[in-house]
Structures are given as C-alpha cells and as structure tokens.
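K.L.:
build me a model:
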Amino acid sequence: MQVSCLQDNLSRGLGVVGRAVATRTPLPITRNVLISTDESRLKLVATDTEIAITTWIGCQVHEEGAITVPARLLSELVNSLPDERMEIQTSDSQSSLALQCGRFDASVNGIEAGEFPPIPTIDEGVVGKMEASALLDAISLVAFAAATEDSRPVLTGIKVEIEDDSITLAAADGFRLAVYKGKLAEPMDEELSFIIPARALQEVSRLIAGREDLVEFTVTPSKNAALFRFSDVEVVTQLLQGMFPDYAQLIPQSFENRVTVNLTDFSRATRSAAIIARDGSGIVRLVMTPGSGDDPGKMTVSAKAEESGEHKGELDVQVEGEDAKIAFNSKYLTDVIDVLQKQGKVALETTTPSSPGVIRPVDDDSYVHVVMPMFVTW
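P.N.:
Below you'll find the predicted structure:
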C-alpha cells in the first residue's frame, strides 16, 4: 500500500474510530486499527467485536493494500506530526507502516490485514431514517438511565420500538426509567422492536453531534445486528437478546401531588444539596407544601450528613394536591435535571414517600422519567 493524505484528515479519522478500539481484550489484534485502500479513499476500521466503527478519508492512492497497526500508538504519533501532507507506505512483507510528514519519518510495526476480525456486512434488513439532531436528543434523554453493570445484560441496552413514523426509546437500570417518544424522518414499512446496547447509541451520538444530515439505520432480519450510516461513517453493533421489562407498566398513571418548578432553580438547589448528600448516603429530601391565597407553594430541597453538615434550599413552586414529601438518590435526580436543561419548567408527580416519582417536561409529552424513592426516616 502506498498513499498520500493530509495529516489533519488522518488524525480526524483515527479519532472517529478510536472509541471502538478494545482496551481489555483476550484478542490483541482488536487493539489495532485496520487501514486499507477503498476506491481512491483510505478506509479506517476499529472493533472490539461488539461495536465496529468505519470511516473513510480522502487520499491519493498510488498502490492498493491494507495493514493493521496499534491504534493508540498510531493516533498519538499522527497527532504529533505537523499539519502537512503525509506519505504512507507498507513494507514489502506487509508487517510495518512507514510514515513521512514534512521532515519527520516514522515506522510502526503492524500485523497483516487478514488477521483482523471480519466486520459484519449488513446489506439487507429494515431501514429507517432520522434527523441527526432528533436522534441526538433522543439518545441524550434516555441512554444515561441504562444499567452499566452486566448482572442483567438486557438492562445495559435501550429498547427501541418503531411503528409507522413514531419511534420510542426506553432505558431502565432497576432504579429509574427513561422513555422518549419521537418521530422518524419518514414512515417505515413495518413495525420493529429491538434492544440495542446503550454504549453503541452513545457512540453514535458522539459521532453525529453537530451534523445536520439524516442518519440511516438498518436492522437485520434476524434482529441480531444493526448498522448506522451517516456521511462518511458507519457503526455496526450487535443487538441484545432477551426480554426487556414492560416499561409501560412501570409508569404511574395517577398522582396525589404535582409540583411545577423552574428547572434552573431546581437544578441549583439540587446540586447544592448533592454536595452535602455525598457524605450522607446520597440522599436528597424534597418536601412540597401548597400555597394559600396569593402565596405560592413551596418546595424544600435538603440534605444532611453527620460528618459534613446540612443544606436546605427553598423554592417557589406551583403545587397541585396536598402536602407531600419524598427522598431521591442525588445522582439520579441531578442526572435527569441535566438532560432536561433545554426545558424551562418540569413537573414532579408523587403519590407517597415510598412510591416512584415521575419527572416530565411541562407542556411536552414526549418524555417521562420515573425514579424510585429512597427510604428515609422523616
């Protein structure tokens, strides 16, 4: 292989695929990136056998070829070179890669391309399209609620349900549930339901940030893999198998108390309380009191830790119902507040101190978040 390309383009391409490079693996070659020529472009591929990311960059191809080299080493080396045109060439034995950029020369030992794990080819299946910005919002509102431990693998995924031009994403970790309902760019021919690893969607969101184009996704007929394609990037991921919880049954259908609060004020009060809560089992207590006459309702946000101290903040709120109180894990509360930053106001719906709380944007029924309470002594 012999090609020439801009250092900046190669650096950007390595950054795109880098997140799919395996770190802890019994298969050493998955720490490598596959570099090959492909129709007058340079193709970069990385995989950890669960997720594969492919991108293409412009180059001049003088001689076709392919090689795999350590991804981290190559990325650090390329990033250290000047922003000039690079000459890239493999050795006759296809076991090393020579780089020449300006007055710098380097050589990186590699492995033959044939040793690299094959990337699944997804040529057929159900195809859907979604605006990049809409998909980005959907992922940000849901993915954080997925489990990060593998004790229940299905909960590390996001349940996706599609009907016509409607798409629903749901994630749960046993302590909270996030559900988002949005729209596709165009209707799909058939209904579709699958579970995709949250990590895969988070990688997709990282790659589509700032893009305006459509994201096309294909799910294989057997529902064991999915392909996301946009611009010059492709992401292939395995899909999870198993039964996802019936999330609709987990969303309370009624409430005894509903508080409407300014999100900026709620965020500030919660973050302040969370500082103290770190040393107090992470517990933040909320007490809601209806207003009387012209006086607004009140919400008290507090936390207490024997070693650190205590915090108490009071907010003016709109209260529907009677007095109410509930306690939440501070991280779960701040997590959902963070992803709702675009909203001006949110509603908190509660029934009893031991029942789940529901947080949803005001005047927007596309999102709902359910949080299990903490059991405390009042």
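
K.L.:
ok, Arg85 - contacts?
P.N.:
For Arg85, the contact set (Cβ atoms under 8 Å, 6 or more residues apart in numbering) comprises 4-7, 101. (Each C-beta comes from the backbone N, C-alpha and C, glycine too.)

K.L.:
and the helices in this structure?
P.N.:
For the chain, the helices defined by DSSP state H cover 7-17, 71-80, 132-142, 198-208, 263-277, 330-339.

K.L.:
adding mean pLDDT and mean neighbour count, write those helices out as TSV.
P.N.:
Formatted as TSV, the helices of the chain follow (pLDDT from 0 to 100; neighbours: other Cβ atoms under 10 Å):
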stretch	mean pLDDT	mean neighbour count
helix 7-17	96	20
helix 71-80	96	17
helix 132-142	96	21
helix 198-208	96	21
helix 263-277	94	19
helix 330-339	95	20
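
K.L.:
for Thr289, which non-adjacent residue is closest in space?
P.N.:
Lys298 (4.7 Å; Cβ to Cβ, 6 or more residues apart in numbering).

K.L.:
what's the answer for Ala198, then?
P.N.:
That would be Ala146: by Cβ to Cβ, 6+ apart, it lies 3.6 Å from Ala198.

K.L.:
what about that neighbour, neighbour count?
P.N.:
Ala146 has 23 neighbours, counted by other Cβ atoms under 10 Å.

K.L.:
list the contacts of it.
P.N.:
155-158, 171-173, 198.

K.L.:
and those, which is closest to Ser254?
P.N.:
Of all those, Ala172 has the smallest distance to Ser254: 20.5 Å, by Cβ to Cβ.

K.L.:
any idea how far the closest one is from Ala146?
P.N.:
7 Å (Cβ to Cβ, to the nearest Å).

K.L.:
what touches both of those two?
P.N.:
Residues within reach of Ala172 and of Ala146 at once, by Cβ under 8 Å, 6+ apart, are Leu155.

K.L.:
is it correct that Met1 is in contact with Ser91?
P.N.:
No. Met1 lies out of contact with Ser91 (Cβ atoms under 8 Å); the separation is 9.8 Å.

K.L.:
next up, the contacts around Met130.
P.N.:
138, 167, 182, 184-185, 214-215, 217.

K.L.:
from the residues you listed, which land in strands?
P.N.:
Among the contacts of Met130, the residues falling in strands (DSSP state E) are 167, 182, 214-215, 217.

K.L.:
go through those residues and name the one nearest Thr264.
P.N.:
For these, the nearest to Thr264 is Gly182 (24.8 Å; Cβ to Cβ).

K.L.:
what's the burial count for the closest one?
P.N.:
Neighbour tally, Gly182, other Cβ under 10 Å: 18.

K.L.:
circling back to that earlier point, closest to Thr55 out of the contacts of Arg85?
P.N.:
Cys5 (12.6 Å).

K.L.:
tell me, how many residues neighbour that closest one?
P.N.:
Cys5, neighbours per other Cβ under 10 Å, totals 19.

K.L.:
how near is it to Gly58?
P.N.:
Per Cβ to Cβ, Cys5 is found 7 Å from Gly58.

K.L.:
residues shared between the contacts of the two?
P.N.:
In contact with both Cys5 and Gly58: Leu42, using Cβ under 8 Å, 6+ apart.

K.L.:
before we move on, the earlier item: between the ones in strands among the contacts of Met130, which is closest to Val339?
P.N.:
For the ones in strands among the contacts of Met130, the closest approach to Val339 (Cβ to Cβ) belongs to Gly182, at 14.2 Å.

K.L.:
quick one: Ala305 from Asp338, how far?
P.N.:
Taking Cβ to Cβ, one finds Ala305 at 22 Å from Asp338.

K.L.:
what bridges to Glu216?
P.N.:
Beta-bridge pairing for Glu216 (DSSP bridges): Lys129, Arg229.

K.L.:
who's in contact with it?
P.N.:
Residues in contact with Glu216, defined by Cβ under 8 Å, 6+ apart, are 127-129, 228-230.

K.L.:
among those, who's most crowded?
P.N.:
Phe228 (23 neighbours).

K.L.:
returning to what we had before: now distance to Asn262 too, for the contacts of Arg85, in CSV please.
P.N.:
Output for those, formatted as CSV (distance: Cβ to Cβ, whole Å):
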residue, distance to Asn262
Ser4, 56
Cys5, 51
Leu6, 48
Gln7, 48
Cys101, 53
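
K.L.:
which of these sits closest to Ala277?
P.N.:
Ala277 has its nearest neighbour among the contacts of Arg85 in Gln7, at 47.6 Å by Cβ to Cβ.

K.L.:
that closest one and Leu99 touch, don't they?
P.N.:
No. Applying Cβ under 8 Å as the test, Gln7 and Leu99 come out as separate, 9.3 Å apart.

K.L.:
which neighbours do these two share?
P.N.:
The contact sets of Gln7 and Leu99 overlap at 78, 81, 86 (Cβ under 8 Å, 6+ apart).

K.L.:
can you put the residues you listed in TSV and add distance to Asn224?
P.N.:
TSV is the format used below for those (distance: Cβ to Cβ, whole Å):
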residue	distance to Asn224
Val78	35
Leu81	41
Met86	39
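
K.L.:
looking at the residues you listed, which one is closest to Ser281?
P.N.:
Comparing the shared contacts of Gln7 and Leu99 against Ser281 with Cβ to Cβ picks out Val78 as the nearest, at 46.9 Å.

K.L.:
surely the closest one meets Ala106?
P.N.:
No. Under the criterion of Cβ under 8 Å, Val78 is not in contact with Ala106, lying 9.2 Å apart.

K.L.:
for the stretch 101-250 of the chain, which segments count as strands?
P.N.:
In the stretch 101-250 of the chain, the strands defined using DSSP state E, counting those that start in this stretch lie at 104-109, 126-131, 157-163, 166-172, 176-183, 192-197, 214-219, 225-230, 233-238.
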